[in-house]
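Engineer: structure of the sequence below:
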Amino acid sequence: MWKKKLVLLSVMMLGLWLTGCGNAGGAMKNGYYTAEMEDYDYGWKEYVCIFVKNDTIVSVEFNAKDPSGFIKAWDNAYMENMKPVSGTYPNEYTRLYGTSLLESQDIEAVDTVTGATHSGNNFYKLVSAAMEQAREGDSEVAVVR
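Structural biologist: As a prediction, this is how the structure comes out:
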């Protein structure tokens, strides 16, 4: 009896693996896909860029830029002010979100970083939009509200 259960479980696992259950909605096409927020928030516009190869996200860049293109994670003064208040800072939480997505390949499995909840919510929206672009093979920048 336990052999039948083991075979059934093995067949189910193989089926899930073959259908790519972590990527509901279809396969992603190879390429770079970018999504950015529609507006600047406190002088920063968050964005994400993913690189997809063989239906797998292999690279993630999540950050924010000011109107001149300066990257938020490079702003040491911002870091020095944010870290004591929030317990994190852009150069830390942007990497944490990106690493979590690379490991899980599932935006639903990415936990919010304490002290960076607003950016985490935006990360979720941005990655979802970029993944939709990847499924469609659309390399235009997706604008997210």
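
Engineer: all contacts plus neighbour counts: C-alpha atoms, from now on.
Structural biologist: Will do.

Engineer: would you map the strands across the protein?
Structural biologist: Along the chain, the stretches classed as strands by DSSP state E are 31-37, 45-53, 56-65, 142-144.

Engineer: of these, which is nearest Val110?
Structural biologist: Closest of the strands of the chain to Val110 is strand 56-65, at 13.1 Å (criterion: C-alpha to C-alpha).

Engineer: so what touches that closest one?
Structural biologist: 28, 44-52, 71-73, 90, 94-95, 97-99, 101-102, 105, 123 (C-alpha atoms under 8 Å, 6 or more residues apart in numbering).

Engineer: can I get the strands of the chain in a markdown table including mean neighbour count, distance to Gly115 and mean pLDDT?
Structural biologist: Converted to a markdown table, the strands of the chain look like this (neighbours: other C-alpha atoms under 10 Å; distance: least, C-alpha to C-alpha, whole Å; pLDDT from 0 to 100):
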| stretch | mean neighbour count | distance to Gly115 | mean pLDDT |
| --- | --- | --- | --- |
| strand 31-37 | 23 | 20 | 98 |
| strand 45-53 | 21 | 16 | 98 |
| strand 56-65 | 20 | 15 | 98 |
| strand 142-144 | 17 | 22 | 98 |
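
Engineer: out of those strands, nearest to His118?
Structural biologist: strand 45-53 (10.7 Å).

Engineer: what angle do that closest one and strand 31-37 make?
Structural biologist: Interaxial angle, strand 45-53 versus strand 31-37 (axes from the mean of the first three to the mean of the last three C-alpha atoms, to 10 degrees): 160 degrees.
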